[in-house]
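S.K.: 3D, please:
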Amino acid sequence: MSAPTSSSTSPCGALPGDPPGGRRAVAVWGIGVSVYFVAVIFRTSLGVAGLDAADRFHVNASALSTFSILQLLVYAGMQIPVGLLVDRFGTKKVLSMGVVLFTAGQLGFAFSPTYGMALASRALLGCGDAMTFISVLRLGTRWFPVRRGPLVAQFAGLVGMAGNLVSTLVLARLLHGLGWTAAFGGSALAGVLVLVLLLLFLKDHPEGFEPEPVPHRGAAYVRGQIAAAWREPGTRLGLWVHFTTQFPAMVFLLLWGLPFLVEAQGLDRATAGELLTLVVLSNMVVGLVYGQIIARHHGARLPLALGTVGTTALLWATTLAWSALAPAGRAPMGLLVVLCTVLGACGPASMIGFDFARPANPPERQGTASGITNMGGFIASMTTLFAVGVLLDATGGDYTVAFCAVFVLQALGVGQILRLRRRAARRERERLVASRVETVHVPA
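M.R.: Here you go, the predicted structure:
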């Protein structure tokens, strides 16, 4: 008797049982990422409307930050449930539910007459948004070979940043040209469009590559999935990499970047918007570079992540110190340009977290493990958004003090990464050896 597996791989280097990829995979995956694209437009729309929202709802900095905090709180809290739902029901059903929710949230935000209703709308948007990225990651693993995983994930992140670019360029102009209700209400039509495409054309996996049926036994199954994913050091390392790398740019783009550049640095809105656009463009370029490097040199994951954290901390410290010590209280434009360029690397660096969680877990646990990982950056972003808002109110609008919260969370995350890195590397080597042994044809 012999094992049913084969020792051979395809000429392109695919592992046994790998999906074929190809043009159809790109087309189907493209529908999934278009949903994520729209979700990011809606998620980041408040970043260009922060000052308008403060005027519309008559709120201070702490109350303004509550919009994004609540949205991210819902998003982060939904990550593990969404991962379980994706593992249980597949991508199409979960993405469809997400589109309905985030479109309703964006539409509600457009017509909200009060602060409370606007908060509820952002919470609904965050719930729908939470269902998109994990689903898109799962779709990629079902349609593309394993070796394409890092590049596919980085491309998904790049498309998300393109959605951010639409917010900073298009939605900002609509907001100031057409007004609040028309801009946010009109943008909700994009959600309807991607829902139609999703329902008509998206498939969870190619024919002949159906996943093995997994028994689902209610609460026991849920606890088992979460516990098994969490036990893997690679999952925990992925969470802390995501936690440490993503939040500086997220906080800047989602809410506090525009007020910082306008109120603390004295720039006009047009120039501040151009710097926010630079963050997004840098993210897209760096994402392509990081994806290629990691696909070819797996060992570059941790140096890239830690290098991004260190460079970000250095540029933030320099900018804040210059603003505090300079007679005019402002950093030079050249330094702000460099800061925004470096912040663009935070998104691609956060995607590296999934490259630690992915090989640490079997296919039937990918959604759950990705959900755990994805919680990291959004928990950090939510915490920093709240801290900056409270510190701004407490100090009378001192952005230098408020943004020091960034360094506290970076130090916490780096400490956890250094603690877990060797354990995760050892476990990954063990799984790689085991998978190679399983592909060998063993005689009786």
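S.K.: which stretches of this structure form strands?
M.R.: Assigned by DSSP state E, the strands in the chain number zero.
S.K.: By mean pLDDT, point me to the weakest helix or strand of it.
M.R.: When each helix and strand of the chain is scored by mean pLDDT, DSSP states H and E, helix 149-166 comes last, with a mean of 82.
S.K.: I would like the residues contacting that one, please.
M.R.: 29, 33-34, 36-41, 43-44, 47, 133, 136-137, 140-141, 144, 253, 277, 280-281, 283-284, 287-288, 290-292, 294-295, 347-348, 350-351, 354-355, 358 (C-beta atoms under 8 Å, 6 or more residues apart in numbering). Quick note: C-beta positions are derived from backbone N, CA and C, even for glycine.
S.K.: Kindly report the same for stretch 58-67.
M.R.: Outside stretch 58-67, the residues touching it (C-beta under 8 Å, 6+ apart) are 46, 50, 53-54, 57, 115, 118-119, 122, 255-256, 259, 385-386, 388-390, 392-393, 397.
S.K.: What of stretch 408-417?
M.R.: Contacts for stretch 408-417 (C-beta under 8 Å, 6+ apart): 236-237, 240-241, 243-245, 247-248, 302, 305-306, 309, 312-313, 380, 383-384.
S.K.: Can you show me the CA trace of the least confident helix or strand of the chain as PDB?
M.R.: The C-alpha coordinates for helix 149-166 follow below in PDB (Å, rounded to 0.1, in the frame of the first residue of the first chain):
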ATOM      1  CA  GLY A 149       0.400  34.000  -2.400                       C
ATOM      2  CA  PRO A 150       2.600  37.000  -1.300                       C
ATOM      3  CA  LEU A 151       2.200  38.700  -4.600                       C
ATOM      4  CA  VAL A 152      -1.500  38.200  -4.800                       C
ATOM      5  CA  ALA A 153      -1.900  39.600  -1.200                       C
ATOM      6  CA  GLN A 154       0.200  42.600  -2.000                       C
ATOM      7  CA  PHE A 155      -1.800  43.300  -5.200                       C
ATOM      8  CA  ALA A 156      -5.000  43.100  -3.100                       C
ATOM      9  CA  GLY A 157      -3.500  45.700  -0.700                       C
ATOM     10  CA  LEU A 158      -2.500  47.800  -3.700                       C
ATOM     11  CA  VAL A 159      -6.100  47.800  -5.100                       C
ATOM     12  CA  GLY A 160      -7.300  48.900  -1.600                       C
ATOM     13  CA  MET A 161      -4.900  51.800  -1.700                       C
ATOM     14  CA  ALA A 162      -6.300  52.700  -5.100                       C
ATOM     15  CA  GLY A 163      -9.600  53.000  -3.300                       C
ATOM     16  CA  ASN A 164      -7.900  55.400  -0.800                       C
ATOM     17  CA  LEU A 165      -6.700  57.400  -3.800                       C
ATOM     18  CA  VAL A 166     -10.200  57.800  -5.100                       C
END
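S.K.: Report the distance from that helix to the chain centre.
M.R.: Computed by C-alpha atoms, centre = their mean, to the nearest Å, the separation of helix 149-166 from the middle of its chain amounts to 9 Å.
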